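S.K.: need a structure here:
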Amino acid sequence: MPKHWIPLESNPDILNAFASKLGVSNIPSDYSFCDVFGLDDELLAMVPSPCLAVLLLFPITPETEQIRKEEAEQ
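M.R.: Here you go, the predicted model:
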């Protein structure tokens with residue numbers, strides 16, 4: 001059976017509330033989600049430190065779906 005990706009909400013407030021319900025403690029004081037507006041030094045300086053992980057989201061388009069189907073067939 002093929003795997004399916006479930007679309008994720010990218011709002012940090014919603015992700016923080018979800019993580020808290022999953023049992024991640026001390027949100028937002030110790031751990032929290034935040035937006036990353038770009039990879040320039042000035043924009044990365046806005047990301048709280050230390051950063052433990054990065055969650056990448058991208059739009060699903062007909063082109064990306066076609067590529068996904070082609071890769072699944074190989």
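
S.K.: pLDDT at the residue most central in space within the chain, what is it?
M.R.: Using C-alpha atoms, centre = their mean, the residue of the chain that lies closest to the mean C-alpha position is residue 55, 3.0 Å off. At residue 55, the model reports a pLDDT of 84.

S.K.: checking the nearest residue to it once chain neighbours are set aside next. Helix, strand or coil?
M.R.: Nearest-residue entry for residue 55: residue 33, 7.2 Å, with adjacent residues in sequence omitted and distances by C-beta to C-beta, 6 or more residues apart in numbering. C-beta coordinates here come from the backbone N, C-alpha and C atoms, glycine included. On the three-state scheme (DSSP: H, G, I helix; E, B strand; the rest coil), residue 33 is labelled coil.

S.K.: how about the strands in the protein?
M.R.: Here the chain has no strands by DSSP state E.

S.K.: how about the CA coordinates for the biggest helix by length in it, as PDB?
M.R.: Identified as the longest helix of the chain according to DSSP state H is helix 62-73. Only the C-alpha atoms of helix 62-73 are listed here, as PDB (Å, rounded to 0.1, in the frame of the first residue of the first chain):
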ATOM      1  CA  PRO A  62       0.500  18.800  -9.800                       C
ATOM      2  CA  GLU A  63       4.200  18.800 -10.700                       C
ATOM      3  CA  THR A  64       5.400  17.500  -7.300                       C
ATOM      4  CA  GLU A  65       2.600  14.900  -7.400                       C
ATOM      5  CA  GLN A  66       3.700  13.700 -10.800                       C
ATOM      6  CA  ILE A  67       7.300  13.400  -9.600                       C
ATOM      7  CA  ARG A  68       6.200  11.500  -6.500                       C
ATOM      8  CA  LYS A  69       4.200   9.000  -8.700                       C
ATOM      9  CA  GLU A  70       7.200   8.500 -11.000                       C
ATOM     10  CA  GLU A  71       9.500   7.800  -8.100                       C
ATOM     11  CA  ALA A  72       7.000   5.400  -6.600                       C
ATOM     12  CA  GLU A  73       6.900   3.400  -9.800                       C
END
